[in-house]
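Asks: no sequence on this one, just coordinates:
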């Protein structure tokens, strides 16, 4: 997903073919900021890709920054998604906060995403038709007043002597999977209740509040769905569960293989297995970075 997002971001540059790329990498941010300043000062530059800015100890790179008549600019964030999502607006609000803090006037903010109505022709991909520009200026401006406090809170976390105590649960996957998930769950049992299928957040919170982590600890009278109960029973017994309806369901697909072969394909629950959940990954290789306190 990371590569997909990065490739889409590069492809979106064809929307403004006259743009200039700030090629300095993330390890040369100071140089990238200076290069951006030079390009902004040059009236012949109509657009900048990966423009770099630093303000309030926040470093950002903007996908596309277009010069508008009158000296103002249009900020465009490129996503490989097919619609505008709330997290996209928050991302843009941070970028706009930093850019405006550097004295740049932003007149428009856009979210560039994939247009689901696009159909590829015989001559390859028409990138100008592939993307859709969604004007989100109003939505982003509405978020700007909250940005300073959000940035301050994030900096406060960065200077803590230890990581904050946050109990892992479903919120760790919204809107993206947290990079620290493996670290925070390393001590969880292999039959952690979080792995129960389709467990609602409220039910998980109720069990978690009782100090129950292992499926073996779930009270026998606790209300679970039929599927969840089967998983718990499989964990307690240590035996695989095979639905009695499996043979009948597979028979409808054609001649059945030998029983020895069929066993390799049946649905199973093992007490020694705890599949970790997955979620959608970030859609862009470029990110916003918070720096630590000034020395």
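Replies: Looks like it arrived, so ask away. Computed from a prediction, not measured in an experiment: that's the story for all the values here. Residues are numbered from 1 along each chain as shown.
Asks: So what would you say the end-to-end distance of stretch 125-140 is?
Replies: The straight-line separation of the ends of stretch 125-140 (Cα to Cα, to the nearest Å) is 31 Å.
Asks: hmm, who's touching that stretch?
Replies: Outside stretch 125-140, the residues within contact range by Cβ atoms under 8 Å, 6 or more residues apart in numbering are 11-12, 14-15, 76, 78, 84, 88-89, 92-93, 96, 107-115, 118, 120. Every C-beta, even on glycine, is put in place using the N, C-alpha and C of the backbone.
Asks: in the longest helix anywhere in the chain, what counts as buried?
Replies: In terms of residue count, the longest helix belonging to the chain (DSSP state H) is helix 86-101. Under the neighbour-count criterion of 16 or more other Cβ atoms under 10 Å, helix 86-101 has 88-100 buried.
Asks: how about the nearest residue to residue 196 once chain neighbours are set aside, phi and psi?
Replies: Using Cβ to Cβ, 6 or more residues apart in numbering and skipping residues adjacent in sequence, the residue nearest residue 196 is residue 228, 4.7 Å away. Per-residue torsions, residue 228: phi -70, psi -40 (degrees, to the nearest 10).
Asks: Report pLDDT for residue 228.
Replies: At residue 228, the predicted lDDT confidence score is 93.
Asks: What of residue 263?
Replies: On pLDDT, residue 263 comes in at 56.
Asks: Equivalent analysis for the one 5 residues further on, please.
Replies: Taken from the predicted model, the pLDDT recorded for residue 268 is 45.
Asks: and if you look at the one 4 residues further on?
Replies: What the model reports as pLDDT for residue 272 is 41.
Asks: Looking at the contacts of stretch 125-140, which are in strands?
Replies: Using DSSP state E, the members of the contacts of stretch 125-140 that fall within strands are 76, 78, 107-114.
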